[in-house]
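Chemist: Okay, here's the prediction I keep looking at, along with the sequence it came from:
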Amino acid sequence: MEYINIFIKSAFIENMVLAYFLGMCSYLAVSKSVKTAFGLGLAVIFVLGITIPINWVIDHYLLSENGLLGIDLTFLRLILFIAVIASMVQLVEMVVEKYSPALYAALGIFLPLITVNCAILGGSLFMVSREYSFGESVAFGLGGGFGWFLAIVAIAAIRERIRYSAIPAPLRGLGIAFILTGLMGIAFMSLMGIDPAAFVAGK
Amino acid sequence: MAETKVAQVEKKKEPLFGKKERKLLVDPLNDNNPITVQVLGICSALAVTSLVYPSLVMAISVIFVTAFSSLFTSMLRQYIPKSVRMIAQLVIIASLVTVVELSLKALNYPVYKQLSVYIGLIITNCIVMGRLEAFAMANKPWRSFLDGIGNGLGYGAILLIVGFTRELFGKGTLFAGSPLEWKIVGPSAEYLINTAGTGYMNNNLMVLPAAAMFVIGVIIWIQRSWNKKLIDVS
């Protein structure tokens, strides 16, 4: 129950894109069509769901003072986390290419791009600063990925719709995408008051 | 003897600070701004801009990291194999960011707390990585260094404009949290403009993160109506 709670909280209430502005670069650059946004969103769910638990294990058993080495190595956190993310993305790419060429073709260049998506590293850093347990970090990874997926598909759909609207020329493209994201952020804020525990219990 | 001659010839060919070098510094401020034109580095930028002071600290950190990561990558560019260049670049950036993070923690703990994970996120700030890929891997160290500073400045300029607008309209102060705090608009005699009894209220929308998106959207609008060649035609 607690895990569903964290899943809902990280997907809707503390949405990576709309509440914390993480992963903005690819969010704005890849949201011109729903199809590509869908592929990138799936890849992000996948990578976040894998790297956060792995980084949790590394942080607890290798870097912390109570870990296997018995020394406080937390200053190496940033370097190790990003190395794990880069190698995991590489690995995921190779596995997907081997076992599902169709999915690989659909994702295309978006898989390697995920390495520099701030949402991935940000997810790992939030996992550390919020002191999640292992199970919670899995739920947080999947929920955060799902929230990112929802946000990018939604903005892509809106941008497809407004393509032929009469927007002032200097605001067209990037400018209107920024303002739309701001409006979506305000809309998502209305979810802020929801207590996920009550939501799950059906009260 | 021969060596000094070669050195002199080279020096003549490329002055230390000529027109091209100046262009590297000035271009990212307007025509090629990392945030409003290249769409890089928005992620860690927006969440820190509700006050001017943290934005300033963030801007200085990013300038430091872009400048030195470009310099080091450019110095090592002939020794980095192409297949592992991403990981090599990330290690350089991550070490510099660790230096920034630890120094900030030691020097100014309250601001460090306020910036929280966003300092660490400079690593995945696309400006740094993007400039390394696009410029430092193919250019000499001095030029790459200038390019790094220029892009850091372009980023910092937008950060400060957004921070200034949001803090002034959202809280009525400037540089709150620093020793230089200015009180501009507020309902008591401490403030420069005393609004007690006039019914003026601070705009709470500006404190919300969403306001950063509106402010940047408007900055893009203004910049593009003044600099027509940036208009998106597609």
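Modeler: That came in fine, so what should we check first? Residues are numbered from 1 along each chain as shown, chains lettered A, B, ... in the order given.
Chemist: where along chain A do the helices fall?
Modeler: In chain A, the helices defined using DSSP state H lie at A:2-8, A:24-29, A:34-58, A:77-99, A:101-107, A:110-113, A:118-129, A:134-161, A:174-189, A:196-201.
Chemist: Can you name every helix or strand that the first one contacts?
Modeler: Read that as helix A:2-8. If you count contacts as 3 or more CB pairs under 8 Å, 6 or more residues apart in numbering or on different chains; DSSP states H and E, helix A:2-8 packs onto helix A:134-161, helix A:196-201. Every C-beta, even on glycine, is put in place using the N, C-alpha and C of the backbone.
Chemist: Whether the first one contacts chain B - can you check?
Modeler: If I follow you right, that is helix A:134-161. No: using CB under 8 Å from any CB of the partner chain, helix A:134-161 never reaches chain B; the gap is at least 11.3 Å.
Chemist: so how far is that helix from its chain's centroid?
Modeler: In terms of CA atoms, centre = their mean, to the nearest Å, the centre of helix A:134-161 is found 6 Å from the chain centre.
Chemist: Flag every buried residue along it.
Modeler: Residues A:136-156, A:158-159 are the ones in helix A:134-161 that count as buried (16 or more other CB atoms under 10 Å in any protein chain shown).
Chemist: JSON lines for the helices of chain A, including mean pLDDT?
Modeler: Shown next, in JSON lines, are the helices of chain A (pLDDT from 0 to 100):
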{"stretch": "helix A:2-8", "mean pLDDT": "86"}
{"stretch": "helix A:24-29", "mean pLDDT": "80"}
{"stretch": "helix A:34-58", "mean pLDDT": "87"}
{"stretch": "helix A:77-99", "mean pLDDT": "82"}
{"stretch": "helix A:101-107", "mean pLDDT": "74"}
{"stretch": "helix A:110-113", "mean pLDDT": "70"}
{"stretch": "helix A:118-129", "mean pLDDT": "85"}
{"stretch": "helix A:134-161", "mean pLDDT": "91"}
{"stretch": "helix A:174-189", "mean pLDDT": "86"}
{"stretch": "helix A:196-201", "mean pLDDT": "54"}
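Chemist: what about the ones you listed, which gets the closest to residue B:68?
Modeler: Judged by CB to CB, the one of these that comes nearest to residue B:68 is helix A:77-99, at 15.8 Å.
Chemist: Please find the angle between the direction vectors of the closest one and helix A:118-129.
Modeler: Here helix A:77-99 runs at an angle of 130 degrees relative to helix A:118-129 (axes from the mean of the first three to the mean of the last three CA atoms, to 10 degrees).
Chemist: okay, the angle between helix A:77-99 and helix A:34-58?
Modeler: 130 degrees.
Chemist: Determine which residue lies closest to the centroid of chain A.
Modeler: residue A:145 (4.0 Å; CA atoms, centre = their mean).
Chemist: give me phi/psi at residue A:18?
Modeler: Reported as degrees, to the nearest 10, the phi and psi values for residue A:18 are phi -90, psi -20.
Chemist: just residue B:174 next, same as before
Modeler: Dihedral pair for residue B:174: phi -140, psi 140, per degrees, to the nearest 10.
Chemist: List the residues that contact it.
Modeler: B:52, B:164, B:167-168, B:181-182, B:184 (CB atoms under 8 Å, 6 or more residues apart in numbering or on different chains).
Chemist: Also residue A:83?
Modeler: Residues near residue A:83 by CB under 8 Å, 6+ apart: B:87, B:90-91.
Chemist: From those, list the buried ones, please.
Modeler: Of the contacts of residue A:83, these count as buried by 16+ other CB under 10 Å: B:90-91.
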